Structure formats: C-alpha cells, structure tokens
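Asks: Fold the stuff below for me.
(chains A and B)
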Amino acid sequence: MERKVRVRFAPSPTGPLHIGGVRTALYNYLFARRNGGDFILRIEDTDSQRFVPGAEEYIIESLKWCGIQVDEGIEQGGPHAPYRQSERKEIYLKYALQLVESGNAYYAFDTPEELNALRAEAEKNGGTFAYNYQVREKLATSLHLSAEEVKERIERGDHWVIRFKMPVNEEVHMNDLIRGQVTINTSTLDDKVLYKSADNLPTYHLANIVDDHLMEISHVIRGEEWLPSLPLHYLLYRAFGWSDSQPEFAHLPLLLKPTGQGKLSKRDGDKMGFPVFPLQWVSPTTGETAHGYREDGYFPEAFINMLALLGWNPGTEQEIFSMEELIANFSLDKVGKSGARFSPDKARWFNAQYMHHRDNEELGRLFLPILHEHGVKACIFLATKVAAIIKTRATFISDFWDLSYFIFIAPTEYEQKTIDKYWKGDNPAHVAHVRELLAGVGDFTKENTEKTVLGWITENGLPMGQIMNAFRLAVIGVGKGPDLFDICGVIGKEETLRRIDRALEVLNNR
RNA sequence: GCUGAAUUCGUCUAACGGUUAGGACGGCAGAUUCUCAUUCUGCAAAUAGGGGUUCGAUUCCCCUAUUCAGUACCA
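Replies: Got it, this is the predicted structure:
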C-alpha cells in the first residue's frame, strides 16, 4: 500500500515558464522532499508546432535559480530515461494500438479541414461541435468502416488519428486531494485524439498517462486547468488496466492578474511593471524582452517564499520561510481551493524582508559592480560597511546607489531646500564647533563621535534638530540618508573634517 | 452556450458547527529619530445574496449571482 512518492513537473517548452508554472514546480518539489520522494522533470514536447528554441534551457535554469533540485530529468538522467517525450516517441504508438484492440479507441480519418468545417457549421447554427458518441458513428472511423477498408486507408497513407472511445452516460467519480470528490457524466465529454499520424506523436493525454505510469508517478500535482481532463485520464488508466497503480491527483488553484480579470498572463507584467517570469526572457522570434525576477533584483529565497504563500499557508502566522522550513511544513491539504491574485506589493515586501536580514558582506559583494559602474573605486570592505547601514532602507540591491552615493562622492553642491531651512542663524557657527569637537576625537567610531557631539548639544541646551541637519548638509549635501554618525564612521575622520571645511567655506561665502 | 471548479477585509489568507471572525500586505494616524527609511503602537476594512438543517452556522445542504477554467490532430 505504501508507495514511494514520485512526482513530476512536466512543462511544455513553448516559451518561458511563468510564475504559475514555477509555483507548480515548487509545490511538487516541496511535496516530494516532505515525503522523502523523488522530483522528476519531464519535458512534454509532443507539439512540434509550438516548440520554442531556448525554452527548455530556460526552464532548467529557472528551477536552478529557485533552488528546486531535480532528481531525475533530462540533465541528470535516471532509471526511466529519456525524459524528453520527443525522444520516447516510439513507445506511444504501441499503447494507442493496445487501446484500439481492446475497443477503447478507434481510428478516425477526418482531416483537420473537415473538422474545421464541421465546427464552423455548428457555430453558425448557434451550437458547438463536439466529436462525441453522437457523431462518431457518422464520420469516417474504424467503428463502422470494414476492417479491410481501415487497413487499406492506413496502408494507402491516408491521414488518421486514434481517438478515445468515450463511454456513454457513465458517472465517473474522481478524487482530488485538494477539492475532494468530483463527479462527471461521460456523455458531456468528447472523444479526444490520443495519437496522430501526421507527426507520429501522441497528444498530451496519451503521452502523459503512459509516461506517468511508466515512470511510476505516485502523485500528479498540476494546475487547475487540467481538472476538466481528469475524467479522461481516469478512463485511460482504466482502459489500460492500470487503475490500481493510478496516481493520486491534486489540482492547484490558478494565479490571477493583480487587477481585473483572468489568469495571469505574459502581458500583465509589462503592463503593470512587475515580472511574470522568474528569469528575463528574450523572444527568439520577436526579440522582445520580458522582465524576470532575477534580473529585477529579487533574491530567489524571497521569490520562492512569496510564491509558496500564494495559495498555500501552514495555518500559523509565520510568513518568512526558508526552503527547508517550507519543506518541513508543506502539505497539500493546506493548499487553498480558489485562485490567488498575485500582489506586486507583497512581492516587494518579501524581498525587503530578506534584504534586511542579508549578510552585510554578501550585500557588499553585490554592491561592488554597481559602484564600479558609477565610477567609484571602492573595495569590498567599504562596500560592506555601507551595505550595513543602508540595507534596512532598501528593497533591491539596485536601490543601493541612490541610498548611498553621497557617502562615496563628497558634495560639490548643496541642496537649496535644506540650505534655506537649516543653514541660518547660529547653525553655521555650531557646525564649525562640531568640526573642532570631531577633530579632537581620537578613535573615530560612531559611538565616540555621537557621544561627543550629542553630549555637547544636550549639555548646552542647544537645538538638536537645527545643528544636526546643518551638520548633515555639510557632510553629504542633502537632507536625507542614514544615521549621520554612521556615515562619518564610514568615511573617516579626515574626510569628515575636509567635507565640513569645504561646506563652511562654500555655504558661508554664498 | 455546455461542463466543471471556486466565492472571508482592496489583496494573500486563518478560523475543519460555538472566536469581540485572527494575521500579513497595502492605506491612514501616532511614537521613536538629526533627515529619509527601518522599527513599534493604534485605526478603518470581510464571511456574495436567498432559503434550509441545527440550540447554534464563515463552516453542512439547496437555489441564485459572480468569477475562473475547459470545451484543439496545444499543453
């Protein structure tokens, strides 16, 4: 009864993976790790028409960036290789034919053109065309064509497909790990194509069931858009005689647009200024670039944390989870049933949280190239010190420069607004005195400078706000930024005094 | 249209018949601070509507509404 947990993420390489797909992969991965199982990556490239070059590499790189480790797949191989369906094409026909022989499927010789005509006609009459039990007897199928004619047509090279013969008026009872019991009557379903002679490839439904069976998948965790296909999949397992080893199913709620209606799509990101893809994607056909979380400065941990909580929660009030914590806490019965609207604000908040707790030196290392871009020759030591005092004010590494340029570059001009407000009255004289106080500080640490200056101000009952803001203006030229004594500590005694001297000269001789 | 799924503050969600319906993001107000942030405190904000079942419904059942998905020789 106890069966080894094996799950798969089975994307189609038709373009970049969007965050809904990443979340599906993540939940599969968490479920596998939580239950000591295997996570398999299978590429479902049975649609030769929609194949997009680079998409497969993109998927693999995305999973790596997210920290989702594949146990079996096209890169790491495994006992059920190959893991790319186009490389397994010879195994599917056998299974399709097995279904024809057992009476669960049949040949159909309609051409796509004929079917399109039937659809158009049905639409004209206000209905929709369904290839089902009502029409299959009237069309050119092996259901009523003689065996000889079927054979002849195939040998002649006629176009054919194999369709599943959907039972008539049967209630299919299905179980979904997230939704519970779902029942549907087979008469509302149509005869799906399982295999096509045009490219000798199976369709999704056949390939999926056959591979899940062969790869011993125990749980299928996929998007809700697959729920309508579930009865077909149940019936396929039954037709093959595999019902006993059929996997369990869990259909995940969809990710919705931040505003408006519909599920999240590629265009939303560009329109609303947030990425819908984990990594940047350049379309090989149009050359258009779509934003990615990685390039936009998100930490993968924050991205994953945010995604995990979109549709799942542990039932506690904890919100910040490492991958290990997610694995330890994940369970499918805590996954919600309804679609989750993606929130760019919350995504930023998650990143800020990770930013605030990030190691200073790591941030310094990430900051260094940005400093170099701005022509600042800083070392890792300095970058780290600055990162330490600005990280709580930042959401992304890309915020760092705007938050700290005045530390690296001594002011050459001074913000007028702040001059008007603070460079008046006794303030210039007080700043001059501060300069002398600082000149006397031996060990120029934040603690020492702060104690000295603030001590003088309070002991003499001087206006703290006035003096400190004027002092700030003198050192960095603007009325913003981190703790001023932190800044002085970073730039050092010499530089601090030099900046004050220059400010006194420039501002007093306007 | 048909079939299915879903429906708690604006958003993500908790409460698996009994709570002043909780938390987070965002918003607003205040505190802290030399500035701007951070941080902290507080405030406003929800059970789609209607019927049942029950001593008692966010929770169970039915109807309606709305939303989403599927309805391809795509996945």
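Asks: Surely residue A:313 and residue A:334 touch.
Replies: Yes - assessed by C-beta atoms under 8 Å, residue A:313 is found in contact with residue A:334 at 6.2 Å. From N, CA and C alone the C-beta is placed, and that goes for glycine too.
Asks: Any chance you could list residues touching both of these two?
Replies: Common contact partners of residue A:313 and residue A:334 (C-beta atoms under 8 Å, 6 or more residues apart in numbering): none.
Asks: Report pLDDT for residue A:285.
Replies: With respect to pLDDT, residue A:285 has a value of 88.
Asks: cool, and residue A:270?
Replies: At residue A:270, pLDDT is 62.
Asks: before we move on, what about the one 4 residues further on?
Replies: If you check residue A:274, the pLDDT there is 79.
Asks: from memory it sits against residue A:346, does it?
Replies: No - judged on C-beta under 8 Å, residue A:274 makes no contact with residue A:346 at a distance of 10.7 Å.
Asks: how about the helices in the stretch 151-300 of chain A?
Replies: A:204-214, A:230-240, A:266-272, A:300-308 (DSSP state H, counting those that start in this stretch).
Asks: mind checking which of those is nearest RNA strand B?
Replies: helix A:204-214 (3.2 Å; C-beta to the nearest atom of the strand).
Asks: what does that closest one contact?
Replies: Taking C-beta under 8 Å, 6+ apart as the rule, helix A:204-214 contacts A:8, A:10, A:42, A:44, A:46, A:80, A:85, A:88, A:91-92, A:95-96, A:164, A:192, A:194-195, A:201-202, A:217, A:220, A:229, A:232-233, A:236-237, A:240, A:242, A:245, A:247.
Asks: Buried residues of it, list them for me.
Replies: Using 16 or more other C-beta atoms under 10 Å as the test for burial, helix A:204-214 gives A:204, A:205, A:206, A:207, A:208, A:209, A:210, A:211, A:212, A:213.
Asks: before we move on, what about stretch A:107-115?
Replies: A:107, A:108, A:109, A:110.
Asks: Now do it: distance to the chain's middle.
Replies: 40 Å (C-alpha atoms, centre = their mean, to the nearest Å).
Asks: Only the C-alpha atoms, please, for that stretch, written as CSV.
Replies: Output of stretch A:107-115 as CSV, limited to C-alpha atoms (Å, rounded to 0.1, in the frame of the first residue of the first chain):
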residue,chain,number,x,y,z
TYR,A,107,-9.2,5.2,-36.0
ALA,A,108,-10.7,8.4,-37.4
PHE,A,109,-9.9,9.5,-40.9
ASP,A,110,-11.3,13.0,-40.8
THR,A,111,-8.9,15.7,-42.0
PRO,A,112,-8.4,18.9,-40.0
GLU,A,113,-10.1,20.8,-42.7
GLU,A,114,-13.2,18.6,-42.5
LEU,A,115,-13.3,19.1,-38.7
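Asks: That one and RNA strand B in contact?
Replies: Yes - part of stretch A:107-115 sits near RNA strand B under the criterion C-beta under 7 Å from any atom of the strand, namely A:110, A:111, A:112, A:114, A:115.
Asks: same deal with stretch A:388-395?
Replies: Yes - contact of stretch A:388-395 with RNA strand B (C-beta under 7 Å from any atom of the strand) involves A:392, A:393.
Asks: what about residue A:449, distance to RNA strand B?
Replies: 10 Å (C-beta to the nearest atom of the strand, to the nearest Å).
Asks: Just confirm that residue contacts residue A:489, I think it does.
Replies: Yes - with contacts counted by C-beta under 8 Å, residue A:449 reaches residue A:489, the gap being 6.9 Å.
Asks: ranges for the strands of the stretch 151-300 of chain A?
Replies: According to DSSP state E, counting those that start in this stretch, the stretch 151-300 of chain A carries its strands in the segments A:161-164, A:171-176, A:180-185, A:193-196, A:201-202, A:219-223, A:248-252, A:255-256, A:281-282, A:289-290.
Asks: What pairs with the first one, parallel or antiparallel?
Replies: Taking DSSP bridges as the criterion, strand A:161-164 forms sheet pairs with strand A:105-108 (antiparallel), strand A:193-196 (antiparallel).
Asks: what's the spacing between the first one and its chain's center?
Replies: Offset of strand A:105-108 from its chain centre (C-alpha atoms, centre = their mean): 40 Å.
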